[in-house]
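Trainee: Pasting the sequence and the predicted model now:
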Amino acid sequence: MIVMPAAPLRNSSIASVYVNTVFTEEECDQILASLDEGKWEEAMVGGIEEVGKFTLERDKRSNYQQTVPVREDGFPLNRIAQEISAANSSIWRFDLGGFAEDDMPWVMDYCRQGDHNDWHVDLGQKATASRKLGFSLQLTEGTDYEGGDLGFHRIKKDRKDLTKKGTLIVFPSFWLHQVAPMTKGARKVVVGWVHGPSFR
């Protein structure tokens, strides 16, 4: 006789994408004004040639990035962390720790025609192995650019909801997603991950 284990406890909200406007337009402009034009660097892709190594693969990902400037009072990361903590408590209920010193958030700039990020997951190896939740904070208004839309595998969201300036989007780091190619204008977002112990 085969003994089957008890039915697993399933969270029916696991495939959720959280969307909420948590920053004002003025606060987004403050973040943009704090950026250093001399610090932009080409974004890279990890784990293609070697585990833990990031390489330039423009056919898979094309955009610029720089680390998020953080004020002495913790803005804007403290606000982001607080919102994600509240969302996690009611939706995914993951065991979270916080931001990781070796995997801090970035400001991403999709400013060239064709800039994109192919279908991928954010959970990986080395420093990315402990990512639990990914997030994207809109710093520019969706009506100011075309293309560049954040999309999720088999989860439908209205573009106007995802592209409103000041909107925070949170999703599981293992969920397949992409940034479609830019066709006009520029899109700037804060992108990062909240880490925690291994899934079990």
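Mentor: Yes, it's here. Residues are numbered from 1 along each chain as shown.

Trainee: and the spatially closest residue to Asp59 that is not a sequence neighbour, what element?
Mentor: By the measure of CB to CB, 6 or more residues apart in numbering, the closest residue to Asp59 outside its immediate chain neighbours is Asp118, 8.0 Å from it. Placement of C-beta: from N, CA and C, glycine included. Counting by DSSP states H and E, the element that carries Asp118 is strand 116-120.

Trainee: if I pick Trp106, what's in contact with it?
Mentor: Applying CB atoms under 8 Å, 6 or more residues apart in numbering, we find Trp106 in contact with 43, 65-68, 190-192.

Trainee: do the same with Leu133
Mentor: Leu133 makes contact with 84, 88, 92, 94, 96, 170-173, 193-194, according to CB under 8 Å, 6+ apart.

Trainee: Give me the mean pLDDT for the helix or strand harbouring it.
Mentor: Assessed by DSSP H and E, Leu133 sits inside strand 131-138. Here strand 131-138 scores 98 as its mean pLDDT.

Trainee: What are the contacting residues of the next helix or strand after that strand?
Mentor: Beyond strand 131-138 on the C-terminal side, the first helix or strand identified by DSSP H and E is strand 146-147. Residues outside strand 146-147 that contact it (CB under 8 Å, 6+ apart): 180-185.

Trainee: which one of those has the most neighbours?
Mentor: Met182 (22 neighbours; other CB atoms under 10 Å).

Trainee: May I have the beta-bridge partners of it?
Mentor: Gly147 (DSSP bridges).

Trainee: For the protein, give me the ranges with low pLDDT.
Mentor: Across the chain, residues meeting the criterion (pLDDT under 70) sit at 47-49.

Trainee: Brilliant, that's me finished.
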